[in-house]
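Participant: What would the 3D arrangement of this be:
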Amino acid sequence: MNLTKILLVEDDKSIVSKLTEFLTQEGFEIKSASGQTDALTFLEKEKFDLVLLDVSLSDGNGFSVCSAVKSDYGIPVIFLTASSDEFSTVTGFDLGADDYISKPFRPRELVSRIKNILRLTGASGSIIQVGNVLVDMVRGTASKDGKDLFLSALEYRLLLIFLNNRGVVLSRTQLLESIWDIAGDFVNDNTLTVYIKRLREKIEDDPQCPVIIKTVRGLGYRID
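Facilitator: Residues are numbered from 1 along each chain as shown. Have a look, this model is predicted:
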């Protein structure tokens, strides 16, 4: 059985030591890098399932690493940082980060977040097709008729939530709770409406008469 391989990019030696020990006990394989240069070198040479990433590094910064990870490798990124201000959070998500957890954090909460992100992003590396839309779970991309849909991080996550619950009617509350895990207070009911509308405009042939993301009147939404 292959262990889930995580690259921990953090320059605090104490945090690296404690997290490596804890996550190893939880069944993960951990490699660590203290800065941007080392992190990118590891990524070029080895395959990882997820990156845990601090914003402040011994060289470079986490935002640059996140941008490179998403553009070149398409694997999940979770920010681990004391920078809990709105600018850092929004910047991280704009660059495609999958989750954001502020220090200090509870180790078991982190493990739960890791497993949730791996489940949502499909760590098994399968490709899912729904209608004429293909979702590549390895690269973290979605295409329609062979053309990239260029989904935002939240649009992509919303699509994954539906795909991981095929045939299940998801209420707006359930969808909000799933997205809240990723974007905190930045997503509300009105924002959810906007994201569903945008997602339909990209994946449906006729967004006014959707056949992929269907509305179940009075209950929520469903992908068959």
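
Participant: shaky segments in this structure?
Facilitator: For the chain, the stretches with pLDDT under 70 are 1-3, 83-86, 121-127, 137-139, 180-187.

Participant: can you map out the strands along it?
Facilitator: Shown for the chain, the strands assigned by DSSP state E span residues 4-9, 28-33, 50-53, 77-81, 99-102, 127-130, 133-136, 141-144, 147-148, 214-216, 220-222.

Participant: among these, which is nearest L19?
Facilitator: Among the strands of the chain, the nearest to L19 by C-beta to C-beta is strand 4-9 (6.1 Å). C-beta here means a position set from N, CA and C on the backbone, and glycine is covered the same way.

Participant: Give me the sheet partners of the closest one and which way each runs.
Facilitator: Using DSSP bridges, the strands paired with strand 4-9 in its sheet are strand 28-33 (parallel), strand 50-53 (parallel).

Participant: okay, those strands, which one's buried deepest?
Facilitator: Each of the strands paired with strand 4-9 was given a mean neighbour count from mean count of other C-beta atoms under 10 Å, and the largest, a mean of 25, is that of strand 50-53.

Participant: what's in contact with that strand?
Facilitator: Judged by C-beta atoms under 8 Å, 6 or more residues apart in numbering, the contacts made with strand 50-53 from elsewhere in the structure are 4-10, 19, 39, 43, 62, 65-66, 69, 75-80, 97, 114, 117-118, 123.

Participant: Distance from the chain centre to that strand, please.
Facilitator: Here the centre of strand 50-53 is set off from its chain's centre by 10 Å, with C-alpha atoms, centre = their mean, to the nearest Å.

Participant: for stretch 27-39, same thing?
Facilitator: That offset, for stretch 27-39, works out to 18 Å (C-alpha atoms, centre = their mean).

Participant: Skipping adjacent residues, who's closest to the residue nearest in space to the middle of the chain in space?
Facilitator: For the chain, the residue sitting closest to the mean C-alpha position, by C-alpha atoms, centre = their mean, is D98 at 2.7 Å. Take D98 and drop its neighbours on the chain: the residue closest to it by C-beta to C-beta, 6 or more residues apart in numbering is P76, 4.4 Å away.

Participant: Would you map the helices across the protein?
Facilitator: In order along the chain, the chain carries the following helices (DSSP state H): 13-25, 36-45, 62-72, 86-94, 107-121, 153-163, 172-183, 189-203.

Participant: quick check: domain ranges of the chain?
Facilitator: What automatic domain parsing lists as the domains of the chain is 4-121, 127-222.

Participant: Ranking those by mean neighbour count, which comes first?
Facilitator: Between the domains of the chain, domain 4-121 has the highest mean count of neighbours, a mean of 18, where neighbours are mean count of other C-beta under 10 Å.

Participant: Can you lay out the helices of the chain as CSV showing distance to V135?
Facilitator: Putting the helices of the chain into CSV (distance: least, C-beta to C-beta, whole Å) gives the following:
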stretch, distance to V135
helix 13-25, 28
helix 36-45, 23
helix 62-72, 16
helix 86-94, 20
helix 107-121, 10
helix 153-163, 6
helix 172-183, 16
helix 189-203, 10
